[in-house]
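Asker: requesting a structural model of the entry that follows:
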Amino acid sequence: MTDEIISIQNMIYEIRGQKVMLDSDLARLYEVPTHRLNEAVKRNSKRFPPDFMFQITDEEWNIFLRSQFAISKDNRGGRRFAPFVFTEQGISMLSGILNSDIAISVNIQIMRTFVNLRHFALSQNGTSEQITELRKLLLLYIEKNDKRVNDIIVALNNLIEKPKETRKIGFITD
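Answerer: Numbers count the residues shown, from 1 in each chain. Next up, the predicted model:
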């Protein structure tokens, strides 16, 4: 895998269950200012339905900043608005409106990266079966040990509630 693909992989995030890229990351790759990229998108808004591009909410943006960059929620990373994010299809559509050699070259690299991620995900087919098996074993272990712990608790409670009568040792005098 080339360094370009690895670097692009680090710019792909999962938001709302979709793999997306931030407008600012795409603008940096295309070597244009973020506001210019967003202007071009707004001029061609019919090409970008909600499943191609969407603006994340302020709440999502704050969570994203904290989880990705460990930035406090008050610091918006120099942005006035939450960013737009683009799905793979939206990024493909960008190549049609950003008609430069850099945009074409970058789009090819991005598409290859998404393909590599998809191939990797598909190659992990045995993993879900292994996880399911491990889950079953863990549940059996918990069930078995819960019963043991429960038996110990019951025995201790019985001892506390009704202690065994002890026999007196020695001579009995009446």
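
Asker: and I108, which helix or strand is it part of?
Answerer: helix 101-123 (DSSP states H and E).

Asker: now for that helix, which elements pack on it?
Answerer: helix 3-9, strand 12-15, strand 18-22, helix 23-30, helix 88-97 (3 or more C-beta pairs under 8 Å, 6 or more residues apart in numbering; DSSP states H and E). Every residue, glycine included, has its C-beta placed from N, CA and C.

Asker: so which of the ones you listed is nearest R112?
Answerer: Nearest to R112, of all the helices and strands packed on helix 101-123, is helix 3-9, at 6.1 Å by C-beta to C-beta.

Asker: picking that back up, Serialize the helices and strands packed on helix 101-123 to CSV and add fields for distance to L137 and mean neighbour count.
Answerer: Output for the helices and strands packed on helix 101-123, formatted as CSV (distance: least, C-beta to C-beta, whole Å; neighbours: other C-beta atoms under 10 Å):
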stretch, distance to L137, mean neighbour count
helix 3-9, 33, 14
strand 12-15, 28, 14
strand 18-22, 31, 20
helix 23-30, 41, 20
helix 88-97, 37, 18
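
Asker: need these in CSV with distance to F120 and mean pLDDT, can you?
Answerer: What follows is the helices and strands packed on helix 101-123, written out as CSV (distance: least, C-beta to C-beta, whole Å; pLDDT from 0 to 100):
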stretch, distance to F120, mean pLDDT
helix 3-9, 10, 69
strand 12-15, 12, 88
strand 18-22, 12, 90
helix 23-30, 20, 91
helix 88-97, 15, 86
